[in-house]
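Enquirer: compute the structure for the input listed below.
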Amino acid sequence: MSEALAYSREELDWVEAEWAFHLHGRSAFMSREDYLQLRAWAGEGVPADALVNAMEAYFQRRAKRGRQGGFTALSHLARDVAKAMKLRAALARAEGEAAAAPDQRWAAVKEPLRSDPRGRVLFEAWQRLRRDAPAPDAPGFLEHFDAERKAFRELAALAEQRLGPAAEPLRADLGARLRQSGLEPDSLVWRRAWEHHWGRILCEAWGIES
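Expert: Residues are numbered from 1 along each chain as shown. Presented below is the predicted three-dimensional model:
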């Protein structure tokens, strides 16, 4: 009957070994009903590793209830298999949404920047770095942060270039606001403040989600 299954011989051996492990060797491999259940799950596209994970969850829950003996069939894993597949589907959707998100956000950018292929490439590179940022206490965080800021500066430079003369009044207004705040022009604090606020102004001007 195993020839009809979609699982490879190695996968079947793996499932069998895990089943025997959890049953502490008290049972021969699987009954005819167990094989029929395997066939059904194979037809539904349930991966072998999902079965093994479901097996682990089932037997852990069973142990907490103090039920070490008694009849056990593969069909008893149905609830855990269903949960495992729902989780995989949710993760797949999340990954798909994350992959599609940059395209959707770029579609909201105003023309003519939206039609500039270089702008889209720079935007997607910046978004990838933002999405993949390590934790602040992880090794390489500062290097990753610098790379992210560099990617944003490249996008901002293109956005400023495409604004053309329309950038001048925005630049003048920001300079006036920084001077009113008491910042010394061309000081380190001025440059940092300028980069931060100018980037936000450019994003607002073009409708770039920041």
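Enquirer: and the chain, what are its domains?
Expert: With domains defined by automatic domain parsing, the chain comprises 2-92, 108-206.
Enquirer: and the last one, what's its mean pLDDT?
Expert: When pLDDT is averaged over domain 108-206, the result is 90.
Enquirer: not counting sequence-adjacent ones, nearest residue to L158?
Expert: Nearest residue to L158, sequence neighbours excluded (C-beta to C-beta, 6 or more residues apart in numbering): G119, at 5.5 Å. All C-beta atoms are positioned from the backbone trio N, CA, C, and that covers glycine.
Enquirer: just say helix, strand or coil for the one you found.
Expert: Following DSSP: H, G, I helix; E, B strand; the rest coil, the label given to G119 is helix.
Enquirer: look up how far E111 lies from it.
Expert: Distance of G119 to E111, given as C-beta to C-beta, to the nearest Å: 11 Å.
Enquirer: and the one helix or strand F21 maps to, what's buried?
Expert: Using DSSP states H and E, F21 sits within helix 9-22. By neighbour count on 16 or more other C-beta atoms under 10 Å, the buried set for helix 9-22 is E11, L12, W14, V15, E18, W19, H22.
Enquirer: just stretch 80-93 next, same as before
Expert: Quick answer for stretch 80-93 (16+ other C-beta under 10 Å): D80, V81, A84, M85.
Enquirer: could I get the CA-only coordinates of it as PDB?
Expert: Taking Å, rounded to 0.1, in the frame of the first residue of the first chain, the C-alpha atoms of stretch 80-93 are listed here in PDB:
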ATOM      1  CA  ASP A  80      -2.400  18.500  15.500                       C
ATOM      2  CA  VAL A  81      -1.900  18.000  11.800                       C
ATOM      3  CA  ALA A  82      -4.700  20.500  11.100                       C
ATOM      4  CA  LYS A  83      -3.100  23.100  13.400                       C
ATOM      5  CA  ALA A  84       0.300  22.500  11.800                       C
ATOM      6  CA  MET A  85      -1.100  23.100   8.300                       C
ATOM      7  CA  LYS A  86      -3.000  26.200   9.400                       C
ATOM      8  CA  LEU A  87       0.200  27.600  10.900                       C
ATOM      9  CA  ARG A  88       2.100  26.900   7.700                       C
ATOM     10  CA  ALA A  89      -0.600  28.500   5.600                       C
ATOM     11  CA  ALA A  90      -0.600  31.600   7.900                       C
ATOM     12  CA  LEU A  91       3.200  31.800   7.600                       C
ATOM     13  CA  ALA A  92       3.000  31.500   3.800                       C
ATOM     14  CA  ARG A  93       0.500  34.200   3.600                       C
END
